[in-house]
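S.K.: got a structure for you, letters missing:
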């Protein structure tokens, strides 16, 4: 038997809605592609619960090639019975800097996950309120007698006062189209040729062309 040291990652989904627990064991090259995130069958991103070493017993064909031996002494343990006081070692990710390992009780990690979910919910609520304030300021700004105050509120909430204006414009284009009249099977469809060859574009970053239509094509 040849023992290999791998790494076991434990992921958990939202216990209030799904409560899925998934364990992934891989070699010491780390999690696939270095991405510490997987998706639950319910569609949500799982939270990482713990990272621990795992020893794998790899069968060998030494001796009788038809015989292999197995041992359960160092096999990866399946999910154990819930123990809120169990100590778990997990990895703390710091963006692009080196991660660190910490050890805490399951109950402490549960509270950290709960607080993180609550903070995420609160952030979503606050962002919705900021978006509402943005809409109010944007609509009232042009006719307001106190633009300075509205600007101060926008700056305090880091709001960009951007208003989108829908527009329709007409552009008349004239030019010359050349083709070989000796090609007898050539049936000129001038409108199709111009529609396929001419398109509108914007060289101003504030203008976005969403749609275009070529119409009123005529020969002079």
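M.R.: Cool, got the structure. Note that the structure is predicted; figures quoted are calculated from it, not measured. Numbers count the residues shown, from 1 in each chain.
S.K.: list the buried ones in stretch 123-143?
M.R.: For stretch 123-143, burial by neighbour count (16 or more other C-beta atoms under 10 Å) applies to 134, 137-138. C-betas here are computed from N, CA, C, even on glycine.
S.K.: chain center to the helix or strand containing residue 114, what's the gap?
M.R.: Remark: residue 114 resides in helix 106-141, with elements defined by DSSP states H and E. Relative to its chain's centre, helix 106-141 lies at 18 Å (C-alpha atoms, centre = their mean, to the nearest Å).
S.K.: If you average the pLDDT over it, what comes out?
M.R.: For helix 106-141, mean pLDDT rounds to 90.
S.K.: beta partners of residue 23?
M.R.: Note on residue 23: beta-bridge partners residue 10, judged by DSSP bridges.
S.K.: Surely it and residue 10 touch.
M.R.: Yes. Counting by C-beta atoms under 8 Å, residue 10 is a contact partner of residue 23 at 5.2 Å.
S.K.: More neighbours: the two, which one.
M.R.: residue 10 (19 against 16; other C-beta atoms under 10 Å).
S.K.: List the residues that contact that one.
M.R.: By C-beta atoms under 8 Å, 6 or more residues apart in numbering, the contact list for residue 10 reads 21-23, 48-52, 88.
S.K.: Give me the buried entries from the residues you listed.
M.R.: Neighbour counting with 16+ other C-beta under 10 Å marks 22-23, 48-52, 88 as buried within the contacts of residue 10.
S.K.: Out of those residues, list just those in helices.
M.R.: Per DSSP state H, helices hold no members of the buried ones among the contacts of residue 10.
S.K.: buried ones in stretch 90-100?
M.R.: Neighbour-count burial for stretch 90-100, counted by 16+ other C-beta under 10 Å, picks out 90-91.
S.K.: Check the offset of it from the chain's centre.
M.R.: Centroid displacement of stretch 90-100 relative to its chain, using C-alpha atoms, centre = their mean, is 19 Å.
S.K.: Quick one: name whatever helix or strand follows the helix holding residue 114.
M.R.: Towards the C-terminus, the helix or strand next in line after helix 106-141, according to DSSP H and E, is helix 147-156.
S.K.: quick revisit: could you export the buried residues of stretch 123-143 to JSON lines, including columns for distance to residue 192?
M.R.: Listed next are those as JSON lines, based on distance: C-beta to C-beta, whole Å:
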{"residue": "134", "distance to residue 192": "45"}
{"residue": "137", "distance to residue 192": "47"}
{"residue": "138", "distance to residue 192": "42"}
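S.K.: Return the closest of these with respect to residue 83.
M.R.: residue 134 (47.7 Å; C-beta to C-beta).
S.K.: Can you give me the domain assignment for the protein?
M.R.: As given by automatic domain parsing, the domain ranges for the chain are 2-59+67-79, 116-156.
S.K.: Worst mean pLDDT among those?
M.R.: Among the domains of the chain, domain 2-59+67-79 scores lowest, with a mean of 65.
S.K.: picking up where we left off before, show me the two of the buried ones among the contacts of residue 10 that sit farthest apart.
M.R.: 22 and 88, at 15.2 Å, using C-beta to C-beta across the buried ones among the contacts of residue 10.
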